[in-house]
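**Q** Got a sequence here, can you model it:
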Amino acid sequence: MKERQYPLKLSIYSKPYIMRKSVLSCLWLFFAWATMSFEGGCGNREAKTDPLSTTTTTNTTNPNNETDMKWINNLLGGGNYDAAWKEVDKAEQNGLTEDAQKLVQAIYERAKAENHTVQIIKALLHRYKFSAYNEENSDTKAIQSLRDEISAATTAPLKPILQSVLAEAYWQYFEAQRYAILQRSDAQGIGDDFKAWDANRFTTEITALHRAALQQPEQLQKISLSDIDPIVVDGDDDSRKLRPPLYDFLAHRALDYFMNDQADITKAADQFQISDAAVFADAKTFAQTQWSNTDPLSVKYYALLLLQQLSQSHLRDNQPDALIDVSLKRLSYAKQKSTLPDRSQRYLKALEVMSEQYKAQKAAAEIYYPMAQWHYDKAAEYDPFARSQ
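**A** Predicted structure coming up:
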């Protein structure tokens, strides 16, 4: 029996994350070391009006079957980002990546002048994509550009989204260069050249960026995913219930890092261990639990803090879908990472309590699946020919 999957392509790289019941299929994120390609997906998705701006659009098509900067400028002058992005797609499909890069730069400049937040982000990410085709050291340039944009940005959603993007850019570079990075000494982590950082420096920078992206939860809670729709491809119809505001979107992106086994690379003398049974408690009890930690690089610790914050934010929701979703994510993580000897039994008991609590809700079906999976796995472990000890 395999776990039911829902596609989630969230990344700046070619390998998509796959998660259950997610809102987002993909962000427009591209970098030199692993350029992403979509067939009928992000690259060809029709752009939408930026909900955070007041500019209106008009439906216009280019009468010429060629890249025309004057035509693009005329479109942008009328606020028609949708038609402008179609021209970018056309240039890319014809292999004219340099022309596409020029078109994207024109869109970026217009978006900056008009403060179209989402179009700025979309243009930046496409600019990094095309620079990978056309420029040397494009990864270094993309990183520095992101750093500059983050320094200049002052408000959400621009600054936190770009912080999240930069965090993942660092992580993907680390994964691609893992072996070489792990051979470096701590002294090599000094300085701003990310290509010379050691593992601890990458962990520090990525953690700081993800946490910085979530520093204004109240503001991020007020921004709906529909407000950033031009850079998001939706999942299934029910999935928006699980990532309603921008805060949840960014928080789950951060969790994808903190909960990743490959990110748990630092070995402090006093490592943080998930040994408190409260990790298997109901959502309210879990959200109020205090954790003791002395390791500033512990991704497990930050994963628990973020799971607590998400749980707390959904305790008063009218519908329990998002709370159930984050609770299942938390319990699965606890089953894997807890040091408690009876963690498997505690996991099942927690699921049973949840299923009883939410049995009248449609979302309870999401709880029954991991319960069935637990019993299936136990049955697979049974050996009828093994001698009893």
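
**Q** Any idea which residue is closest to the centre of the protein?
**A** Closest to where the C-alpha atoms of the chain average out (CA atoms, centre = their mean) is residue 253, at 2.9 Å.

**Q** looking at it, it is touching residue 166, isn't it?
**A** No - between residue 253 and residue 166 there is no contact under CB atoms under 8 Å: 11.7 Å. The C-beta positions use only the backbone N, C-alpha and C, and glycine is treated the same way.

**Q** Could you check the pLDDT of the residue nearest to the centre of the chain?
**A** Note for residue 253: predicted pLDDT of 93.

**Q** Now it: which helix or strand?
**A** helix 246-258 (DSSP states H and E).

**Q** in the helix or strand that that helix is followed by, what counts as buried?
**A** With elements assigned by DSSP H and E, the helix or strand that comes after helix 246-258 is helix 283-287. Going by neighbour count (16 or more other CB atoms under 10 Å), the buried part of helix 283-287 is 283, 286, 287.

**Q** Let's have those in TSV, adding distance to residue 276 and pLDDT.
**A** TSV is the format used below for the buried residues of helix 283-287 (distance: CB to CB, whole Å; pLDDT from 0 to 100):
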residue	distance to residue 276	pLDDT
283	15	97
286	10	98
287	13	97
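
**Q** any idea which of these is closest to residue 110?
**A** In terms of CB to CB, no member of the buried residues of helix 283-287 lies closer to residue 110 than residue 287, at 44.1 Å.

**Q** element containing the closest residue to the residue nearest to the centre of the chain other than its chain neighbours?
**A** Distances taken as CB to CB, 6 or more residues apart in numbering place residue 164 nearest to residue 253, at 5.3 Å, with adjacent residues excluded. In the assignment (DSSP H and E), residue 164 maps to helix 158-176.

**Q** Going by neighbour count, list what's buried in the helix or strand just after that helix.
**A** Once the chain leaves helix 158-176, the next helix or strand it forms, by DSSP H and E, is helix 178-182. Using 16+ other CB under 10 Å as the test for burial, helix 178-182 gives residue 181.

**Q** With only the CA atoms kept, save the helix or strand that helix 178-182 is followed by in CSV.
**A** Note on helix 178-182: by DSSP H and E, the next helix or strand toward the C-terminus is helix 199-213. As requested, C-alpha coordinates have been extracted for helix 199-213 and formatted as CSV (Å, rounded to 0.1, in the frame of the first residue of the first chain):
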residue,chain,number,x,y,z
ALA,A,199,28.4,23.2,6.4
ASN,A,200,27.7,25.1,9.6
ARG,A,201,27.6,28.4,7.8
PHE,A,202,25.1,27.1,5.3
THR,A,203,22.9,25.8,8.1
THR,A,204,23.2,29.1,9.9
GLU,A,205,22.3,31.2,6.8
ILE,A,206,19.4,29.0,5.6
THR,A,207,17.9,28.8,9.1
ALA,A,208,18.2,32.6,9.6
LEU,A,209,16.5,33.3,6.2
HIS,A,210,13.6,30.9,6.8
ARG,A,211,13.0,32.4,10.3
ALA,A,212,13.3,35.9,8.9
ALA,A,213,10.7,35.2,6.3
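
**Q** List the buried residues for the next helix or strand after helix 199-213?
**A** Reading on from helix 199-213 to the C-terminus, the next helix or strand found by DSSP H and E is helix 217-221. Neighbour-count burial for helix 217-221 flags 217, 220 (criterion: 16+ other CB under 10 Å).

**Q** model confidence over helix 217-221, on average?
**A** Helix 217-221 comes out at a mean pLDDT of 94.

**Q** just checking, what packs against it?
**A** With contacts taken as 3 or more CB pairs under 8 Å, 6 or more residues apart in numbering; DSSP states H and E, helix 217-221 sits against helix 246-258, helix 299-314.

**Q** switch to 7 Å and redo it
**A** helix 246-258 (3 or more CB pairs under 7 Å, 6 or more residues apart in numbering; DSSP states H and E).

**Q** where's the residue nearest to residue 253 relative to residue 171, distance?
**A** 11 Å (CB to CB, to the nearest Å).

**Q** Kindly report the same for residue 207.
**A** The value you get for residue 207 to residue 171, if CB to CB is used, is 10 Å.

**Q** who's more crowded, the two?
**A** Neighbours per residue, other CB atoms under 10 Å: of residue 207 and residue 171, the larger number sits with residue 171, 24 against 21.

**Q** Now that the more buried one has come up, it's in contact with residue 256, right?
**A** No - at 9.2 Å, residue 171 and residue 256 do not qualify as touching, with contact defined as CB atoms under 7 Å.

**Q** quick one on the thing from earlier: now render the buried residues of helix 283-287 as TSV, adding distance to residue 224.
**A** Listed next are the buried residues of helix 283-287 as TSV, based on distance: CB to CB, whole Å:
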residue	distance to residue 224
283	23
286	27
287	23
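
**Q** okay but residue 347 is in contact with residue 335, surely?
**A** Yes - counting by CB under 7 Å, residue 347 touches residue 335, with 4.1 Å between them.

**Q** Stretch 346-362: which residues count as buried?
**A** 346, 347, 348, 350, 351, 354, 355, 358.

**Q** hmm, I was thinking of stretch 79-96
**A** 79-92, 96.

**Q** what does stretch 119-137 give?
**A** Applying 16+ other CB under 10 Å to stretch 119-137 flags 119-132 as buried.

**Q** Just give me the least confident of those residues.
**A** residue 132 (85).

**Q** what's the helix or strand for that residue?
**A** helix 117-134.

**Q** Hey, what's the angle from that helix to helix 158-176? Just curious.
**A** 30 degrees (axes from the mean of the first three to the mean of the last three CA atoms, to 10 degrees).

**Q** and the host helix or strand of residue 109, what does it pack onto?
**A** Residue 109 is part of helix 97-114, with elements assigned from DSSP H and E. Helices and strands touching helix 97-114, by 3+ CB pairs under 7 Å, 6+ apart, are helix 69-77, helix 81-93, helix 117-134.

**Q** Redo those helices as JSON lines? Include distance to residue 104.
**A** Compiled in JSON lines, the helices and strands packed on helix 97-114 are given as follows (distance: least, CB to CB, whole Å):
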{"stretch": "helix 69-77", "distance to residue 104": "10"}
{"stretch": "helix 81-93", "distance to residue 104": "6"}
{"stretch": "helix 117-134", "distance to residue 104": "5"}
